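Participant: model this:
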Amino acid sequence: MPTPVICFGQQPCGIFPKRFLYAKTQTARKLQKEIGGKIVFFYHDSDADYRETITILEDLKTREEGRLNFTQENKIQKKYSPLYLKKIPVGWKGEILRKLPRFVGKKMIDIFADAIGDNAADFCLDMYKRMGLLEGIEVMRSSDKDFRAEASELSEFFADIPYEGEIVRAEMHEGSFRLHEGGGKYFTIPAPVKIEKWQKNPGRDERFAWMQSVIRGTHYISGAGEGAYLKKPDFPEVTFVDRQEIEKSEYAYIGEV
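Facilitator: Below you'll find the model as predicted:
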């Protein structure tokens with residue numbers, strides 16, 4: 001029997017992680033107690049959607065909902081750069097610190113104040129580690145050049161390429177590269193003659209196979225959304241486990257309050 005490799009995946013999902021990510025970690029830890037092995041967190045920080053990092057919190061007094069997110073230096077970076085390249089501008093952290101007492105206690109404020117990272121993905125990951133969410137868990141990132149080099153070849157893919165002074169995540173489509181303008185509209189951008197393997201990363205439908213080609217998980221903790229597109233019969237070597245239920249799964253996990 002192979003040594004169990006319990007895996008779960010997620011984009012950076014907020015300054016404080018969304019509660020569904022916390023639930024995945026707890027499901028993985030519970031399974032590890034039963035079968036042993038190691039836990040691997042596939043951190044999909046190649047995604048470019050800035051909405052992934054929207055952090056939904058509740059006012060501690062009124063329970064009114066509030067939303068926080070990163071800001072970026074320009075519109076190109078905000079809309080099209082991968083999360084690991086969305087730079088955090090000077091002044092953002094101070095602005096968030098002034099807002100946090102409305103939503104979280106001193107412990108979480110102190111963790112935020114100490115967190116480091118000059119881009120959205122690095123900062124989120126440092127937060128999750130400082131909160132203790134990833135203790136004993138190996139983290140593998142989709143942005144990592146070595147991970148991309150080891151992963152299987154992609155026939156359909158996105159690539160991180162230069163555009164107007166930034167690096168953007170562009171979709172390869174019919175031999176060209178395009179960016180999503182919104183509302184079903186795209187526009188084509190110039191691309192280098194050759195795309196190296198370390199620039200390529202998968203879309204949603206190819207992501208699991210690409211990830212699995214490196215991590216070789218025996219068990220995968222799947223979220224509610226993943227169940228809609230994961231082709232589980234294509235991976236008979238993997239035991240899929242639904243993450244445990246959690247209330248207000250889209251809200252931020254801020255510890256036990």
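Participant: In terms of helices and strands, where is the residue nearest to Tyr50 when sequence neighbours are not counted?
Facilitator: Distance criterion Cβ to Cβ, 6 or more residues apart in numbering; nearest residue to Tyr50, sequence neighbours excluded, is Lys78 at 5.5 Å. Every residue, glycine included, has its C-beta placed from N, CA and C. Lys78 is located in helix 75-80, with elements delineated by DSSP states H and E.
Participant: Buried residues, that helix. List them.
Facilitator: The neighbour-count check on helix 75-80 (16 or more other Cβ atoms under 10 Å) flags 76-80 as buried.
Participant: which among those residues gets closest to Glu58?
Facilitator: Checking those against Glu58 with Cβ to Cβ, the nearest one is Lys78 at 25.9 Å.
Participant: how close does that closest one sit to Lys185?
Facilitator: 18 Å (Cβ to Cβ, to the nearest Å).
Participant: again with Arg67
Facilitator: Distance, Arg67 to Lys185, by Cβ to Cβ: 26 Å.
Participant: Which residues are in contact with the residue nearest to Tyr50?
Facilitator: For Lys78, the contacting residues are 50, 71-72, 86, by Cβ atoms under 8 Å, 6 or more residues apart in numbering.
Participant: got those residues as CSV, with neighbour count, distance to Ile39 and pLDDT columns?
Facilitator: Shown next, in CSV, are these (neighbours: other Cβ atoms under 10 Å; distance: Cβ to Cβ, whole Å; pLDDT from 0 to 100):
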residue, neighbour count, distance to Ile39, pLDDT
Tyr50, 19, 28, 96
Thr71, 15, 33, 96
Gln72, 21, 32, 92
Lys86, 27, 27, 97
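Participant: No further questions, thank you.
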